[in-house]
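Novice: What follows is a predicted protein model with its sequence.
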Amino acid sequence: MPGTMSIAHKILQNELPGVAAIALCFEDAIAEGDLPDAEKNVIQTLSLLVTAMGEGKLNLDDIPLIFIRARNTEQFKRFSQRLTNDLVKVLTGFVLPKFTTQNGNEYLSHLETLNHKFETALYGMPTLESREMAFKETRISELLGIRNLLKTYQKSILNIRVGGTDFSSIFGVRRGIDQTIYNILTVSDCLSDILNIFNRDEEGFVLSAPVWEYYQTNKQPTPETGQHQVNKALDGLLQEVTLDIANGFISKTVIHPSQVKVVNAMHAVTREAYDDAVQILDTHGGVVKSLSENKMNEKKPHTSWAKRILTRSRVYGVIEHKVSHRDFFI
């Protein structure tokens with residue numbers, strides 16, 4: 001959300017159900033002229049939360065993980081001088097935009113400096129969205145350079161984000177409400193290479209999927225069922241999240257509260273997938289018939305998938321038979 005937006009009162013009044021993390025943005029979500037007001041507002045927000053904790057009105061567990069999305073390395077360094085030992089108690093880390101081999105070490109070395117200064121663990125979430133990654137002639141060498149850099153600081157890398165909107169902008173395209181980011185060939189090409197390099201088991205990174213830009217808030221319950229109609233914005237989000245998960249992304253940046261339940265629900269693991277994963281990991285070797293009797297479960301090639309399914313189930317839960325993902329948000 002924009003760094004100019006007041007959020008403390010919503011947290012204090014528990015008005016953000018299901019929101020586990022928020023990013024207060026100093027970059028593209030605000031105009032450059034609004035940066036001083038945004039910085040002031042973020043400091044006030046953190047201060048209000050710290051005060052509420054001190055007065056016993058709020059527990060740390062009641063506060064979403066708070067990240068600050070820096071504007072650039074210079075602004076990151078300058079703003080962080082305003083942080084104090086008290087303020088970082090309610091801060092989880094920083095989103096690092098336009099992350100490249102040219103600015104990445106500056107971002108991450110300063111993050112490490114902050115962790116030493118405050119004797120804490122602030123995390124970085126680099127965002128891959130630059131022209132160096134968009135263009136084929138520089139993409140692979142840039143991604144490999146970033147991978148080597150992130151390995152050096154891996155204990156501080158919570159998540160690697162991908163800027164689908166920025167990639168689209170570079171090519172002068174934008175997906176429509178009835179399309180997904182995977183329909184945009186130049187952007188899909190970028191995503192494919194990013195997943196190829198960072199989503200390997202041995203790398204140990206987690207990648208989150210690009211923003212879905214559309215939302216609709218004026219849904220009315222249908223007279224027949226009393227339930228909300230599924231609109232085109234929601235249909236598109238459902239379609240894209242399904243493809244995100246199929247391709248190896250875990251989680252998705254959302255830009256409106258109406259998207260939170262949808263993304264969380266779609267990441268829940270079905271009972272069938274959970275049973276398959278358990279069976280695969282419990283099997284000594286070879287191939288076995290699945291408990292649902294509709295597929296083969298093979299120990300060697302399916303083990304990596306099974307481990308990821310069980311990890312996801314611990315975070316998002318398991319959906320029992322006869323329950324649909326949509327039951328959680330419609």
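Specialist: That came in fine, so what should we check first? Numbers count the residues shown, from 1 in each chain.
Novice: List the contacts of residue 16.
Specialist: 10, 22, 64, 257 (C-beta atoms under 8 Å, 6 or more residues apart in numbering). C-beta here means a position set from N, CA and C on the backbone, and glycine is covered the same way.
Novice: Ok, residue 250 next?
Specialist: 206-208, 267, 312.
Novice: That one looks like it's in a helix, true?
Specialist: No - assessed with DSSP: H, G, I helix; E, B strand; the rest coil, residue 250 is coil; it does not lie in a helix.
Novice: in the stretch 1-150 of the chain, which spans are strands?
Specialist: 21-25, 65-69, 93-96, 123-128 (DSSP state E, counting those that start in this stretch).
Novice: tell me the most buried of the ones you listed?
Specialist: strand 93-96 (a mean of 25; mean count of other C-beta atoms under 10 Å).
Novice: residues in contact with that one?
Specialist: 23, 25, 65, 67-70, 76, 104, 107-108, 111, 122-127, 158, 161.
Novice: which helices and strands does the longest helix along the chain pack with?
Specialist: Secondary structure of the chain per DSSP state H: the longest helix is helix 35-54. Counting contacts by 3 or more C-beta pairs under 8 Å, 6 or more residues apart in numbering; DSSP states H and E, helix 35-54 is packed against helix 8-12, strand 21-25.
Novice: in this structure, what spans have low per-residue confidence?
Specialist: In the predicted model of the chain, residues 217-230, 330 satisfy pLDDT under 70.
Novice: Domain map for it?
Specialist: According to automatic domain parsing, the chain comprises the domains 8-257, 272-328.
Novice: Quick one: distance of the first one to the chain centre.
Specialist: Average the C-alpha atoms of domain 8-257, do the same for its chain, and the two points are 6 Å apart (C-alpha atoms, centre = their mean, to the nearest Å).
Novice: can you give me the end-to-end distance of that domain?
Specialist: Domain 8-257 has an end-to-end distance of 15 Å (criterion: C-alpha to C-alpha, to the nearest Å).
Novice: hmm, back to that, can you select the buried ones from the contacts of residue 16 in ChimeraX?
Specialist: To isolate the buried ones among these in ChimeraX, judged by 16 or more other C-beta atoms under 10 Å, type:
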select :22,64,257
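Novice: how about the helices in the stretch 201-330 of the chain?
Specialist: 232-247, 260-267, 271-282, 299-316 (DSSP state H, counting those that start in this stretch).
Novice: just to revisit the earlier point, could you redo the strands of the stretch 1-150 of the chain as a markdown table and give each row distance to residue 36?
Specialist: As requested, the strands of the stretch 1-150 of the chain are exported to a markdown table (distance: least, C-beta to C-beta, whole Å):
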| stretch | distance to residue 36 |
| --- | --- |
| strand 21-25 | 14 |
| strand 65-69 | 15 |
| strand 93-96 | 19 |
| strand 123-128 | 23 |
